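Participant: What follows is a predicted structure for the sequence shown.
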Amino acid sequence: MKTKIKTFVNTILMVAIMALTTGILMQPVTASVSGGSGGGSHTDSIKVSKCYYDAATGEMLIKASSSDVTAHLYAYTPSGTYLGEVQNGGGSRYGGTVMGYVGGDPVSVVIISTSGGSITVPTTPFQI
């Protein structure tokens, strides 16, 4: 368990440092890391099908999926501001999660998984 927590913290720090030092948007990626008590590797693939931002209300709607049905997914702005957890709807489907962000359109969102995966996706205007 300590290895997973350490990997998760390192992933968060890596994404935050990259976002702060480059000043540019990162391209969407799927990450894999080694971890776990058996020393094997685990690949967590994250896909985001919706990342809507509503300028009028400051709300975001995020819908995602993960190859690890037990993973927790957390959303951040590229600058590292925590937005919230993307709720696990079961069966590797996450989302329909609405979060508030008052800082204006963040342009992109970083989704980080407790299983080591991460992805950066652009925001799009909210669609009904």
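Facilitator: On my side now, so go ahead. Numbers count the residues shown, from 1 in each chain.

Participant: Any regions of the chain where pLDDT drops low?
Facilitator: 1-42, 91-92, 127-128 (pLDDT under 70).

Participant: cutoff 90 now
Facilitator: 1-44, 55-56, 58, 65, 69-70, 87-104, 126-128 (pLDDT under 90).

Participant: can you map out the helices along it?
Facilitator: 2-22 (DSSP state H).

Participant: show me where it has strands.
Facilitator: 32-34, 41-43, 46-54, 59-66, 73-76, 82-86, 88-90, 93-100, 108-113, 118-122, 124-125 (DSSP state E).

Participant: can you list the ones you listed in CSV and add mean neighbour count?
Facilitator: Using the backbone N, CA and C atoms, a C-beta is placed for each residue, glycine as well. Formatted as CSV, those follow (neighbours: other C-beta atoms under 10 Å):
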stretch, mean neighbour count
strand 32-34, 15
strand 41-43, 14
strand 46-54, 19
strand 59-66, 21
strand 73-76, 23
strand 82-86, 17
strand 88-90, 13
strand 93-100, 17
strand 108-113, 24
strand 118-122, 21
strand 124-125, 10
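
Participant: Pairing partners for the nearest residue to residue 105 once chain neighbours are set aside in the sheet, please.
Facilitator: If the residues on either side of it in the chain are set aside, residue 105 comes closest to residue 53, at 5.0 Å by C-beta to C-beta, 6 or more residues apart in numbering. Beta bridges link residue 53 to residue 60, residue 125, judged by DSSP bridges.

Participant: how close does residue 53 sit to residue 45?
Facilitator: 24 Å (C-beta to C-beta, to the nearest Å).
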